[in-house]
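Enquirer: Predicted model and sequence follow; I will ask about them next.
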Amino acid sequence: MIKYLFILLSTLLFAFTASAETLRLNSGESLEGKILKMDENTLFIESHLTAQELKIDRADLSLIEFDSSARSLARRLGIGLHYRPNGNEENLSIKNWISAVDSAELIVGYSSGTQDTFGFELRYSRVFMVEGATDLFYGAGAGILSIDSKRGT
């Protein structure tokens with residue numbers, strides 16, 4: 001169940017981050033709007049000019065210019081789920097953007113099985129470069145991890 005929730009949340013995350021400001025067409029025209037969805041052949045955009053959904057072939061596009069404005073601090077608090085399949089680890093994350101480039105994050109995780117684990121971590125990160133809708137950042141974190149084994153040896 002948690003795996004399906006993780007897939008759903010990550011799909012929503014990528015769906016909402018795909019918003020472009022300006023599309024440059026091969027004909028020299030420009031369109032402004034928000035990308036609603038795209039696949040390998042077509043792109044659907046909500047035009048700012050007409051407020052209609054437009055269908056554009058990707059072959060007709062020469063360039064997509066993403067919004068380069070600073071992060072909106074009106075949406076500064078986020079809640080997420082971290083799942084790491086290699087360690088079968090699930091953590092709840094709460095992230096708060098302190099400024100346009102600085103964030104603080106609290107991660108809490110618990111799992112029960114042959115071993116009971118509890119983890120608590122605080123992280124700080126700073127964005128040093130923005131590429132499209134992706135942030136490149138560096139940071140540091142500190143936390144505790146408690147492991148209790150139920151083996152009868």
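Expert: Received the coordinates, thanks. Numbering: from 1, shown residues only.

Enquirer: where does this structure dip in pLDDT?
Expert: 1-21, 67-75, 85-88, 150-153 (pLDDT under 70).

Enquirer: do that again at 80, thanks
Expert: Along the chain, the parts satisfying pLDDT under 80 run over 1-21, 48-51, 65-76, 82-89, 112-115, 131-133, 149-153.

Enquirer: Strands of that one, residue ranges please.
Expert: 20-25, 30-38, 42-47, 53-57, 61-66, 77-84, 89-97, 102-111, 115-131, 134-149 (DSSP state E).

Enquirer: Using the record's assignment, carve the chain into domains.
Expert: 20-65, 77-149 (automatic domain parsing).

Enquirer: how about those domains in a markdown table, adding mean neighbour count?
Expert: Just so you know, the C-beta spots here come from the backbone N, C-alpha and C atoms, and that holds for glycine as well. Converted to a markdown table, the domains of the chain look like this (neighbours: other C-beta atoms under 10 Å):
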| stretch | mean neighbour count |
| --- | --- |
| domain 20-65 | 13 |
| domain 77-149 | 13 |
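
Enquirer: My guess is Ile64 contacts Leu23. True?
Expert: Yes: using C-beta atoms under 8 Å, Ile64 is in contact with Leu23, at 5.7 Å.
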